[in-house]
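Participant: give me the fold of what follows.
(2 chains)
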Amino acid sequence: MPLFGELFLSEILRKPVFDPRGDITGKVRDVVVVKGDPLPKLSSVVVERNRKSFAIKWESINLFNKRLISTYLNADALSAYDFSDDDLLVVRDILDKQIVDANGAKVVRVNDIKLEGYEDEAVLIAVDVGMRGIMRRLGIERGSEEFMRLFKTHLPYNLISWNYIQPLKPKLNAITLTVPRQMVSELHPADIAEIISQVPREEGAHFFKGLDIETAAEALSELEPERQAEIIDTMRAETAADIIEEMPPDEAADLISSLSAEKAKEILEHIEREEAEDIHELLGHEGDTAGGLMTNVFIAYPPDITVKEAMERFRKDAEDIETVYYIYVVDDLEKLLGVTSLRELLLAEQEERLAGIMETKVKSVTPEADELVVAEIISKYNIVALPVIDNEGVLLGVVAVDDVIDRILPPAAKRQRRRV
Amino acid sequence: MSRWKKFLLFFSVMGPGIITANIDNDAGGITTYSVAGARFGYGLLWTLIPTTVALVVIQEMVARMGVVTGKGLSDLIRERYGVRTTFYLMLGLLIANFGTTVADFAGWAASMEILGFSKYVMLPIGAISIWILVTRGSYRSVEKVLLLACLIYIGYVISGVMARPDWAVVMKNTVVPDITWNSEYIMLSIAIIGTTITPWMQFYLQSSIAEKGINKEDYKASRLDVVVGCFITDIVSFFIIVTCGALLFPHGIRINEASEASLALKPLAGDYASLIFGISLANASLLGAIIVPLATAYYICEAMGWEAGINKSFSEAPQFMWIYTLMIVFSSLLILMPGAPLVSIMVTSSVINGLVLPFVLVYAIALVNDKKLMGEHTNPSVYNYVAWATIAVVIVLTAVLIVSTIVPLS
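Facilitator: Next up is the predicted model:
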């Protein structure tokens, strides 16, 4: 059993590997890992001698610890090693690279890698993303620890178990475990958006492709328009259409309007007809007006149905609709007659008609109204959504309070990290 | 809407190059050009053309890397050369940029004194407003301030025209080198290159381009942005030299500081020229003082894998916030402290800048020629000769500058 206990990769890099005669076969340059159960394991050690690389299979390694590394093979019997893109090399492909810490929902850099002996194998158990890792690589871990002791504190360990790691590049998929993907989908979409906005765009797009459609749609809504467009640009139109269908029509329209004309057309062709129509309607409005902010899916019922009937319909309709707090009452021509809230509906007598409980003095705006006017009305009357009607009084859509807030006060994740 | 959008798109690609170039003319740069103009008239104008060429060659490579890889230079160096190299490089950059920040705050203090304000009042105000602007303001407000500040550089162009130089002589001196073989002349010509091509600019340019997420398809627009930016830098330098060359040189006025130029201009060219020089220096210094500490904190944290971002708090991104804050605090304290060794700090910083620069340039050219990283966007071989030659010349000249700073030529 070559490896007992645990060691850090930096403790063996550039260390000599001895053969049975005591000759140096070369110095450790890298290690090749392969998928293993439950953790990736070392398959060979790559050593370098006179600028040539050789691979020593794990089975031929005799001792493997931070004091001594040796092999059963003779120095002159080693097989040459060609750096291949198909192999996963820890130094080349993982060390110093960015990874997503799925648990902390942030992007970190791999400072060191921890190996552990497990049933005759050496497995990767964790990455070091903390100060300690940096200090160890610089060869001053102990020195800094003593320095910190002077201040009655200590260098914190900052290890992330391999189980919580989500490699960013597709190349590392060979050893991607099933756990991290699920973990990533469990993150809050705003956190996912934050991660995507922190990494180079290609890696962001790969990361994004690993998400399920629902999470993808939610995370996409949290990103800023340019970034959304970049990601959609890298996708096939069908996939993009699936994701966009999941988004509320107002956000989908915003996204589509920031794409190139051909891409937008291509995607719209793949979106289901009904949803595509909704989006088309919204595309005609200027972005900073009520028309541009509104969504055209809302709950609207005729005045003569009973509360009981309305509740039944509501249970069916509410599932796909973003703003459900208000129930609008419209006539046959879709003219807005009044509004009632979910609470009133719940408190009203079952047999009462909607016409009887609705509030008829409804605050509303036309599609041309400026977003600031919309915000003022929403704030002044303390309402959650404001209906948008045309000159004939036909209800076109509603602006929800969260859409207005996003405009006036962009959420942190939508703000660019830096551009100064 | 669509025309407006196109215009915006154009602007979204334009920017990093121009802003980087403008900040390049910070307090240190302006001092060098003013001194050069006052001491040798138009005699050093010719250096601007080769300097511009070198600047364009280097900035273009770095910008291309930013566009193709979508990563900053410090990220690439960390991923390719490991933590040890990166750590020492970043340490060097931290010290060098600290010196630059000190120079910028010194420029701010001096220009405030000229404009009639006490530095003991204006320096803390400047430092605190920078800190608040960056840590408490949104990106939009920071960008607006920066763009406005970039416009003020036009002041130097105006003062150059107002100085009524003999344009025929100016043009001749710009194109035909008229080398005076004395040590001061040689030192100044090297200093012009040293102040124009700095390590932190390469990091700053590449990350701001990567950050903008400019696509490979838009690279042409981005290259134009970089080239235009390089020309703007040197046009501003040109007018500073011309102003001082036309007004101070004939009277044999020697200066050592950019602020002295402003004072010396008063009796010769009137209050306006002096005021323009004073305000432009204040502006350039403040702009440098905003960007340099911020940029430093960013590269270091990105390379080391620490949380970074101006919207983060001290507990979320401790290293980032502390590097940024301490650079500003220590620089301002040094300026306010009577008898602080300002000159030796700035000299040390320029020596370290000179020591770091060759590494940065060699890493940059090695990375830009890496097929795995850049694909078909590596340097064409002819371009490589030009790039290596430029880098070699810059390295030799910086080496001369370092040696002569440590062992002054008599």
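Participant: mind pulling up the phi and psi values for the residue in the stretch 251-400 of chain B that chain A sits nearest to?
Facilitator: Going by C-beta to the nearest C-beta, chain A is nearest to B:Gly305 of the stretch 251-400 of chain B, at 2.5 Å. Using the backbone N, CA and C atoms, a C-beta is placed for each residue, glycine as well. Main-chain torsions, B:Gly305, degrees, to the nearest 10: phi 80, psi 30.
Participant: what residues are up against it?
Facilitator: A:Gln98, A:Val108, A:Arg109, A:Val110, A:Asn111, A:Val129 (C-beta atoms under 8 Å, 6 or more residues apart in numbering or on different chains).
Participant: number of residues surrounding B:Pro267?
Facilitator: By the criterion of other C-beta atoms under 10 Å in any protein chain shown, B:Pro267 has 11 neighbours.
Participant: how close does it get to B:Met162?
Facilitator: B:Pro267 is 15 Å from B:Met162, where distance means C-beta to C-beta, to the nearest Å.
Participant: got any ranges where the stretch 101-250 of chain B has weak pLDDT?
Facilitator: In the predicted model of the stretch 101-250 of chain B, residues B:137-144, B:211-213 satisfy pLDDT under 70.
Participant: also the stretch 251-400 of chain A?
Facilitator: Residues of the stretch 251-400 of chain A that meet the cut-off, pLDDT under 70, sit at A:287.
Participant: give the closest residue to residue 375 in space, chain neighbours not counted.
Facilitator: All of this is about chain A. Of all residues not flanking A:Ala375 in the chain, A:Val404 sits nearest, at 4.8 Å (C-beta to C-beta, 6 or more residues apart in numbering or on different chains).
Participant: my question was about chain B, not that one.
Facilitator: Distances taken as C-beta to C-beta, 6+ apart place B:Val68 nearest to B:Gly375, at 7.1 Å, with adjacent residues excluded.
Participant: next, the buried residues of the helix or strand hosting the one you found.
Facilitator: Secondary structure from DSSP states H and E places B:Val68 in helix B:48-69. The neighbour-count check on helix B:48-69 (16 or more other C-beta atoms under 10 Å in any protein chain shown) flags B:48, B:51-52, B:54-69 as buried.
Participant: and that helix, how far out from the chain's middle?
Facilitator: Computed by C-alpha atoms, centre = their mean, to the nearest Å, the chain-centroid distance of helix B:48-69 equals 14 Å.
Participant: average pLDDT for it?
Facilitator: Mean pLDDT, helix B:48-69: 88.
Participant: export that helix as PDB, just CAs?
Facilitator: This file holds the C-alpha atoms of helix B:48-69, laid out as PDB (Å, rounded to 0.1, in the frame of the first residue of the first chain):
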ATOM      1  CA  LEU B  48       6.700  60.000 -29.200                       C
ATOM      2  CA  ILE B  49       6.400  58.300 -32.500                       C
ATOM      3  CA  PRO B  50       8.400  55.200 -31.600                       C
ATOM      4  CA  THR B  51       6.800  55.200 -28.200                       C
ATOM      5  CA  THR B  52       3.400  55.200 -29.800                       C
ATOM      6  CA  VAL B  53       4.400  52.300 -32.100                       C
ATOM      7  CA  ALA B  54       5.600  50.300 -29.100                       C
ATOM      8  CA  LEU B  55       2.500  51.100 -27.100                       C
ATOM      9  CA  VAL B  56       0.200  50.000 -30.000                       C
ATOM     10  CA  VAL B  57       2.100  46.800 -30.500                       C
ATOM     11  CA  ILE B  58       2.000  45.800 -26.900                       C
ATOM     12  CA  GLN B  59      -1.500  47.000 -26.100                       C
ATOM     13  CA  GLU B  60      -2.900  45.300 -29.200                       C
ATOM     14  CA  MET B  61      -1.500  41.900 -28.100                       C
ATOM     15  CA  VAL B  62      -2.900  42.200 -24.600                       C
ATOM     16  CA  ALA B  63      -6.300  43.400 -25.900                       C
ATOM     17  CA  ARG B  64      -6.400  40.400 -28.300                       C
ATOM     18  CA  MET B  65      -5.700  38.100 -25.400                       C
ATOM     19  CA  GLY B  66      -8.500  39.600 -23.500                       C
ATOM     20  CA  VAL B  67     -11.000  39.200 -26.300                       C
ATOM     21  CA  VAL B  68     -10.000  35.600 -27.200                       C
ATOM     22  CA  THR B  69      -9.600  34.100 -23.800                       C
END
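Participant: which secondary structure elements does the helix or strand following it contact?
Facilitator: Later in the chain than helix B:48-69, the nearest helix or strand by DSSP H and E is helix B:73-114. Packing partners of helix B:73-114 (3 or more C-beta pairs under 8 Å, 6 or more residues apart in numbering or on different chains; DSSP states H and E): helix A:131-137, helix B:27-40, helix B:48-69, helix B:119-136, helix B:199-212, helix B:258-304, helix B:318-336, helix B:342-368.
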